[in-house]
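Chemist: Give me a 3D structure for the following:
(one chain, ligands or ions: 1)
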Amino acid sequence: MKPIVYVTRTIPEVALVLLKQYCEVVYRDEVPPPKKEDILKNVVNVDAIYCTLNEKIDKEVMDASPRLKVIGTMSVGVDHIDVEYATSRGIYIVHTPGVLTETTADLAFALMLASARRIVECDRMIREGKWKLAWAPTMMLGYDVHGKKLGIIGLGRIGVAVAKRAKGFNMKVYYYDVTRRRELENELGIEYMELSQLLKESDFISIHVPLTSETRHLISEKELRMMKSTAILINTSRGPVVDEKALVKALKEGWIAGAGLDVFEYEPLPPDSPLVNLPNVVLTPHIGSASYDTRNRMAQYAAEGIIKILRGEEPDNLYNRDVVKIRALHSVKMI
Ligand code: NAD
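Modeler: Residues are numbered from 1 along each chain as shown. Got it, this is the predicted structure:
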């Protein structure tokens, strides 16, 4: 009998074709994410769940799924999954590291350029018929990006890709990370700094940490007040890494000059969010990895990871590597 995989919502065809070769697929072919009760109903007899970052795969879901062996998520971030509980239950988690790195770094850079050079404001001005003077010495002035100082918070895969782009813009690059990456400092010509110093020094700050209990509100009022009044904050990581209320205050009161945001504390961003009315913010709807090629690659990589686990192989996109030890230790009790 083929193992059963529940696919929570519409995914690129390439992944579906792959999954169908090895599994019986319970496919919810709908674009919006499912309600919790739908998930609970559908996971009862499955060996695998194929999900996205919008589905909370918590203890309740895993407990409703006694045979569950693997959760595959079409995202690199795993903050929507109770990793600790999955690991304790011997459930593998596979995700999509690497394949979305360059695409997300492109977006971080696009937000940096768009915020600094007021591209969205300019576009709006023209469309609203407000472009009255052909050219004026003081019209729509913004900030240079080239030659400025960029502070990267979280020098992982995406952080490194952003640093490489910044070098092409002749920027001075600082980084802060829980792990110092000395080998990369020479290779990329970048400098390690404590967070508070990086906040004070940088003209642009780009966040690339995962969302964890340590990074929730890593950038809050205290940190925003340390930044230059001309600085621009870019967040393409996860919304709750930045205290959004404090950010709104910072943008309104001019503690910082602007922000480029792809992620928010609540998504979709409520239409009455004060961010919507601020001219000095560029907003995108969580599209960091949203290119045709990358979404196909992510979909395929998550499917490949699930299939490998179901065939008893160890995939290179296994997130909770400790699960291997846990399963070995408790092999009798594990499902
Ligand atoms: P990664 O694991 O390669 O890098 C994360 C880095 O953050 C690591 O170097 C890690 O040491 C560092 N870090 C962890 N906790 C920290 C802390 N408390 N303080 C400082 N540094 C810390 O991950 P990645 O592939 O570069 O992705 C980063 C995050 O970006 C993902 O977890 C995901 O949430 C987010 N992301 C968002 C989008 C999007 O669509 N906007 C797309 C891809 C990834």
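Chemist: Report the closest residue of the stretch 201-335 of the chain relative to the ligand.
Modeler: The nearest approach of the stretch 201-335 of the chain to the ligand comes at residue 288, 2.4 Å away (CB to the nearest ligand atom). (C-beta placed from N, C-alpha, C; glycine too.)
Chemist: what number of residues lie near that residue?
Modeler: Counted by other CB atoms under 10 Å, the residues lying close to residue 288 total 23.
Chemist: same check, this time on residue 296
Modeler: Residues near residue 296, counting by other CB under 10 Å: 16.
Chemist: That one: which element?
Modeler: helix 292-310 (DSSP states H and E).
Chemist: So what touches that helix?
Modeler: With CB atoms under 8 Å, 6 or more residues apart in numbering as the test, helix 292-310 has contacts from 3, 5, 11-12, 14-16, 18-19, 21-23, 47-48, 50, 69-70, 72-75, 92, 94-96, 99-100, 102-103, 289, 314-315, 317-318.
Chemist: One more: stretch 233-243?
Modeler: 77, 79, 104, 107-108, 111-112, 115, 154, 158, 204-211, 215-221, 224, 227, 247, 256, 258-267, 288.
Chemist: Restricted to buried residues, select the residues you listed in PyMOL.
Modeler: Command for PyMOL that selects the buried part of these, burial taken from 16 or more other CB atoms under 10 Å:
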select buried, resi 77+79+104+107+108+111+112+115+154+158+204+205+206+207+208+209+211+215+218+219+224+227+247+256+258+259+260+261+262+263+264+265+288
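Chemist: What about the contacts of stretch 233-243, which are in strands?
Modeler: 204, 205, 206, 207, 258, 259, 260, 261 (DSSP state E).
Chemist: which one of the residues you listed is nearest residue 323?
Modeler: Distance to residue 323 across the ones in strands among the contacts of stretch 233-243 (CB to CB) is lowest for residue 207, with 28.6 Å.
Chemist: re earlier: buried residues in the following helix or strand past the helix holding residue 296?
Modeler: Once helix 292-310 ends, the next helix or strand along the chain (criterion: DSSP H and E) is helix 322-329. Buried residues in helix 322-329, defined by neighbour count with 16+ other CB under 10 Å: 323, 326, 327.
Chemist: List of residues touching helix 322-329?
Modeler: Helix 322-329 is contacted by residues 86, 87, 88, 90, 91, 92, 93, 314, 318, 334 when judged by CB under 8 Å, 6+ apart.
Chemist: Up against the ligand, what does the stretch 51-200 of the chain have?
Modeler: Within reach of the ligand by CB under 6 Å from any ligand atom, the stretch 51-200 of the chain has these residues: 76-77, 97, 100-101, 104, 154-159, 177-179.
Chemist: give me that answer again for 8 Å
Modeler: 75-79, 97-98, 100-101, 103-104, 107, 153-161, 176-179, 181, 195 (CB under 8 Å from any ligand atom).
Chemist: quick one, what contacts the closest residue to residue 97 other than its chain neighbours?
Modeler: Distance criterion CB to CB, 6 or more residues apart in numbering; nearest residue to residue 97, sequence neighbours excluded, is residue 76 at 5.0 Å. For residue 76, the contact set (CB under 8 Å, 6+ apart) comprises 95, 96, 97, 98, 100, 157.
Chemist: again, only using 10 Å
Modeler: 53, 95-101, 104, 156-158, 210, 288-289, 298, 301, 317, 319 (CB atoms under 10 Å, 6 or more residues apart in numbering).
Chemist: Return a selection command, for use in ChimeraX, containing the buried ones of these.
Modeler: Selecting the buried subset of the contacts of residue 76 in ChimeraX, with 16+ other CB under 10 Å as the burial test, is done by:
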select :53,95,96,97,99,100,101,104,156,157,158,288,289,298,301,317,319
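Chemist: The contacts of residue 76 in helices, which ones?
Modeler: Judged by DSSP state H, helices contain the following of these: 101, 104, 157, 158, 298, 301.
Chemist: Take the ones in strands among the contacts of stretch 233-243 and write them to a markdown table, including pLDDT and distance to the ligand.
Modeler: What follows is the ones in strands among the contacts of stretch 233-243, written out as a markdown table (pLDDT from 0 to 100; distance: CB to the nearest ligand atom, whole Å):
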| residue | pLDDT | distance to the ligand |
| --- | --- | --- |
| 204 | 99 | 17 |
| 205 | 99 | 13 |
| 206 | 99 | 11 |
| 207 | 99 | 8 |
| 258 | 98 | 18 |
| 259 | 99 | 14 |
| 260 | 99 | 11 |
| 261 | 99 | 10 |
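Chemist: show me where the stretch 1-150 of the chain has helices.
Modeler: 13-22, 36-42, 59-63, 83-88, 101-116, 119-127 (DSSP state H, counting those that start in this stretch).
Chemist: so which of those helices gets nearest residue 169?
Modeler: helix 101-116 (8.4 Å).
Chemist: Give the residue farthest from the middle of this protein.
Modeler: Here the chain reaches farthest from its C-alpha mean at residue 133, the gap being 40.4 Å by CA atoms, centre = their mean.
Chemist: Roughly how far does the nearest residue in space to that residue that is not next to it in sequence sit from residue 146?
Modeler: The spatially closest residue to residue 133, leaving aside those adjacent along the chain, is residue 139, at 6.6 Å (CB to CB, 6+ apart). As judged by CB to CB, to the nearest Å, residue 139 and residue 146 stand 21 Å apart.
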